[in-house]
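> here's a sequence, model it:
(one chain, ligands or ions: 1)
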Amino acid sequence: MSKILRVNMNELTCKFEDVPEKYKLFGGRALTSSIICDEVSPNCHSLGPNNKIIFATGVVSGTNAPTSGRISIGGKSPLTGTIKETNAGGIASQKLGKLQIRAIIVEGKPKEKGKFYLLKINKDEAKLLSAEGLVGKGMYEVDNFLGQRYGNVAIIGIGPAGEMMLTNAGISINDMENRPGRYAGRGGMGAVMGSKGLKAIILDDEGAPGVEIVNKELFDSGRKKLTNALSTHDITKKGGALNTYGTAVLINIMNEAGGLPTRNFSSGQFDGASKISGESIAETCKERGGEGTMGHGCHPGCIIKCSNIYPKEDGTHHVSCLEYESDWAFGANCEIDNLDHIAELIRICNDVGLDTIEAGCTIAVAMEGGLVEFGDGEGAIKLLNEVGKGTPLGRIIGNGTEFTAKALGVSRVPTVKGQSIPAYEPRVVKGIGIIYATSTMGADHTSGYTIAPEILGVGGKQDPFAIEKAQLARAFLNTTAFIDSTGYCLFIAFAILDIAEGFEGVIETMNGVIGVDLSGDDWVNIGKEIIDKERAFNIEAGFTSAHDRLPEFMNIEELPPHNVTFGVSEEILDSVFKE
Ligand code: SF4
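Here you go, the predicted model:
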């Protein structure tokens, strides 16, 4: 029977509790956001003793359902001041599921300032250990040390950025090669983990009971349907776009559309796009590292395998993973067209513990502020390295785009609710602009991936003006909140939007694990319920419709080459949440 583990960092205690009946249907984001709404005051300080950080496994994580290893991490965000859920791949969610732990709630703060702990969990117990010797260390060293000491374990940890409680600190999850390539990066949740004095969580599932599946027959039927849909859709199948080129296949597509944010969001096209494209990454990986460097899975059982292992010139490991948003953030947005420089910038983020989207936007703002020239990869590496050293400049950069813009007097600040806008230009892709503006999480493409219909034509091609209909944005927000609660990777959405059997498979696996008979609409309504709860939390924290806006410059500066502004009315934005 699944449990919740409550860890009190003030008393240094670990206690298992039954999962309350009201959370019976919840995993992932549904669980993190519900616990935050039930237990955390919206007006607490994000880094204070009254905030909590929740680690929740998805409902089907730990089973053999395909591509189902996402872990959700939630709390009140120090970057945005809103509620936050950020999820990642890697091997932690499946181990948590197999240990039959639905969620870990970490609360309080250690009495001794500056003291850090490790939380070690196996099938028999959960205990806190001293993190002495690992404090101040980057995540490559931490994963290596803990992997050697404990074997095949999952490691959820923070680097120096989290220890310093910088608001762009993310949380690392190790991958199958025990490297820190997968990040619950957004919203500064690494700073919240740091504020709790928790350096790392170690999950050992040796001998664990595994996920309890109430209706095995139904679950198996769903698993087969979803596997079939993922294996046949052009985007998700073996040898398909994601598997062959990784997510950076979007670089050329977005550039062609004029929607690839370039030079701190001052253009929609980048001259060096082809040099940093998915096609170039695949070619370089093949030349330097051979087979296996592309089509890499971030956890066992992923059948899409969009990840890669980018090698150095001599063929040795450089970084995993060089994916679209990270590639764009340090590439087009900083006008850097050298893949090795981009790889190094991502590696620094993985080690120090930073979100790559926020860090790339911050470096671009720092370039606009005159600290480094646009296009200067080596200068950007030097600047980003300041974060790990904890210098005053590094702490400014580590606190993200808005903080850095204020420090440097830059007014083109691409953020919503304090969080940097990701790799899709809202002046061109207007549906995603509505999502950025109205998401409960600040600017976040994963809150509702309208790129699928707007640009890729998945689920029926939508033009930007059709998608302006607020209801469609709301439908994306609700459905995504549901997917974020399942444990499935959001990339299954391509197949389940186009292939009805795929969506049926998701619903049957969810119903099979929990032992219920809910329809697809019932499950998506749970997504709506979650969004409503998150909105209520944010309203109590002081957010109003005036915060559901894109930055001013996007409505007054025309974006080349199409010379367009965002231009979606406030009325449309405000109608997203009207019934
Ligand atoms: S599709 Fe990509 S991000 Fe999603 S689980 Fe697989 S490797 Fe990880």
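
> for the rest of this, base every contact and every neighbour count on C-alpha atoms.
Noted.

> from residue 237, how far off is residue 331?
Distance of residue 331 to residue 237, computed by C-alpha to C-alpha, to the nearest Å: 28 Å.

> more neighbours, the two?
More neighbours surround residue 331 than the other of residue 331 and residue 237, with 33 against 21 (other C-alpha atoms under 10 Å).

> which residue is the nearest non-sequential neighbour of the more buried one?
Using C-alpha to C-alpha, 6 or more residues apart in numbering and skipping residues adjacent in sequence, the residue nearest residue 331 is residue 337, 5.8 Å away.

> surely that neighbour touches residue 272?
Yes: counting by C-alpha atoms under 8 Å, residue 337 does reach residue 272; the two are 5.3 Å apart.

> please identify which of these two sits among more neighbours.
Each of residue 337 and residue 272 has its neighbours counted (other C-alpha under 10 Å); residue 337 has more, 24 against 16.

> could you pull up the contacting residues of that one?
272, 273, 275, 276, 331, 375 (C-alpha atoms under 8 Å, 6 or more residues apart in numbering).

> now the residues you listed as CSV including distance to residue 289, pLDDT and secondary structure?
Output for the contacts of residue 337, formatted as CSV (distance: C-alpha to C-alpha, whole Å; pLDDT from 0 to 100; DSSP: H, G, I helix; E, B strand; the rest coil):
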residue, distance to residue 289, pLDDT, secondary structure
272, 23, 98, coil
273, 23, 98, helix
275, 18, 98, helix
276, 17, 98, helix
331, 22, 98, coil
375, 27, 98, coil
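
> filter those down to the ones close to the ligand.
Among those, proximity to the ligand is found for none (C-alpha under 6 Å from any ligand atom).

> between those, which is nearest the ligand?
The ligand has its nearest neighbour among those in residue 276, at 18.8 Å by C-alpha to the nearest ligand atom.

> you'd agree the closest one is up against residue 331?
Yes: using C-alpha under 8 Å as the test, residue 276 is close enough to residue 331 to be in contact (7.0 Å).

> give me the common contacts of the two.
Taking C-alpha under 8 Å, 6+ apart as the criterion, residue 276 and residue 331 both touch 337, 338, 339.

> need the three-state assignment for the first one.
Under DSSP: H, G, I helix; E, B strand; the rest coil, the three-state class of residue 337 is coil.

> turn the contacts of residue 337 into CSV, including distance to residue 137.
Below are the contacts of residue 337 laid out as CSV (distance: C-alpha to C-alpha, whole Å):
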residue, distance to residue 137
272, 35
273, 35
275, 33
276, 30
331, 27
375, 30
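
> ok, now how distant is the residue of the chain positioned farthest from its centre from residue 92?
The centre of the chain is farthest from one residue, residue 217, which by C-alpha atoms, centre = their mean lies 32.4 Å away. Residue 217 sits 26 Å away from residue 92, going by C-alpha to C-alpha.

> report all helices and strands that the worst-scoring helix or strand of the chain on mean pLDDT contacts.
Least confident helix or strand, the chain: helix 451-454 with a mean of 88, by mean pLDDT, DSSP states H and E. Using 3 or more C-alpha pairs under 8 Å, 6 or more residues apart in numbering; DSSP states H and E, the elements in contact with helix 451-454 are helix 430-438.

> contacting residues around whichever residue of the stretch 351-500 of the chain sits closest to the ligand?
In the stretch 351-500 of the chain, the residue that lies nearest the ligand is residue 489 (4.7 Å; C-alpha to the nearest ligand atom). Counting by C-alpha under 8 Å, 6+ apart, residue 489 touches 67, 68, 69, 70, 89, 483.

> show the contacting residues for the last one.
By that I understand residue 483. Contacts of residue 483 by C-alpha under 8 Å, 6+ apart are 489, 490.

> may I see the buried residues of whichever strand or helix holds it?
Residue 483 is located in helix 470-486, with elements delineated by DSSP states H and E. Neighbour counts over helix 470-486 (16 or more other C-alpha atoms under 10 Å) mark 470-486 as buried.

> same question, stretch 125-134
Quick answer for stretch 125-134 (16+ other C-alpha under 10 Å): 126, 128, 131, 134.

> and what of stretch 404-415?
Buried residues in stretch 404-415, counting neighbours by 16+ other C-alpha under 10 Å, are found at 404, 405, 408, 410, 412, 413, 414, 415.

> now do stretch 442-461
Neighbour-count burial for stretch 442-461, counted by 16+ other C-alpha under 10 Å, picks out 442-456, 458-459.

> so where's the protein uncertain?
By pLDDT under 70, the low-scoring segments of the chain are 465, 579.

> what does it put close to the ligand?
67, 89, 297, 298, 302, 304, 305, 306, 307, 489, 491.

> now do the same contact list for the fifth one.
So that's residue 302. The contact partners of residue 302, taken as C-alpha under 8 Å, 6+ apart, are 66, 67, 68, 69.

> what's the burial count for the third one?
This means residue 68. Residues near residue 68, counting by other C-alpha under 10 Å, number 28.

> check contacts around the residue nearest to it when sequence neighbours are not counted.
Nearest non-adjacent residue to residue 68, counting by C-alpha to C-alpha, 6+ apart: residue 488, 4.0 Å away. The contact partners of residue 488, by C-alpha under 8 Å, 6+ apart, come to 58, 60, 61, 66, 67, 68, 69, 70.

> for residue 293, pull up the helix or strand it's in.
Applying DSSP H and E, one finds residue 293 in no helix or strand.

> what number of residues lie near it?
By other C-alpha under 10 Å, 22 other residues sit near residue 293.

> verify the contact between it and residue 310 for me.
Yes: with contact defined as C-alpha under 8 Å, residue 293 counts as touching residue 310 (6.6 Å).

> for the two, list the residues in contact with both.
With C-alpha under 8 Å, 6+ apart, residue 293 and residue 310 have common neighbours residue 285.

> how close does residue 462 get to residue 483?
Separation of residue 462 from residue 483 (C-alpha to C-alpha): 21 Å.

> what helices or strands is the longest helix out of those in the chain leaning on?
Longest helix in the chain, counting residues (DSSP state H): helix 520-540. Packed against helix 520-540 by the contact rule (3+ C-alpha pairs under 8 Å, 6+ apart) you find helix 28-39, strand 83-88, helix 470-486, helix 500-514.

> how about that helix: buried residues?
For helix 520-540, the buried set under the neighbour-count rule, 16+ other C-alpha under 10 Å, comprises 523-531, 533-538.

> list the buried residues in the next helix or strand after it.
As assigned by DSSP H and E, the chain's next helix or strand after helix 520-540 is helix 553-556. Within helix 553-556, the residues that count as buried by 16+ other C-alpha under 10 Å are 553, 554, 555.

> what's the answer for stretch 306-318, then?
Buried residues in stretch 306-318 (16+ other C-alpha under 10 Å): 306, 307, 308, 309, 310, 311, 312, 318.

> could you measure from the fourth one over to the ligand?
In this case it means residue 309. In this view, residue 309 and the ligand are 11 Å apart by C-alpha to the nearest ligand atom, to the nearest Å.

> wait, that residue touches residue 323, no?
No: using C-alpha under 8 Å, residue 309 is not in contact with residue 323, being 10.1 Å away.

> what helices or strands is the helix or strand hosting residue 361 leaning on?
Mapping residue 361 onto the secondary structure by DSSP H and E places it in helix 356-368. Under the contact criterion of 3+ C-alpha pairs under 8 Å, 6+ apart, helix 356-368 touches helix 324-330, helix 339-352, helix 392-398, helix 401-408, strand 419-420.

> looking at these, which is closest to residue 365?
Residue 365 sits nearest to helix 401-408 of all those, at 6.2 Å, using C-alpha to C-alpha.

> who's in contact with the following helix or strand past the closest one?
Using DSSP H and E, the helix or strand that follows helix 401-408 towards the C-terminus is strand 415-416. Defining contact as C-alpha under 8 Å, 6+ apart, one finds that strand 415-416 is touched by 401, 402, 421, 436, 437, 442, 443, 547, 548, 549, 550, 551.
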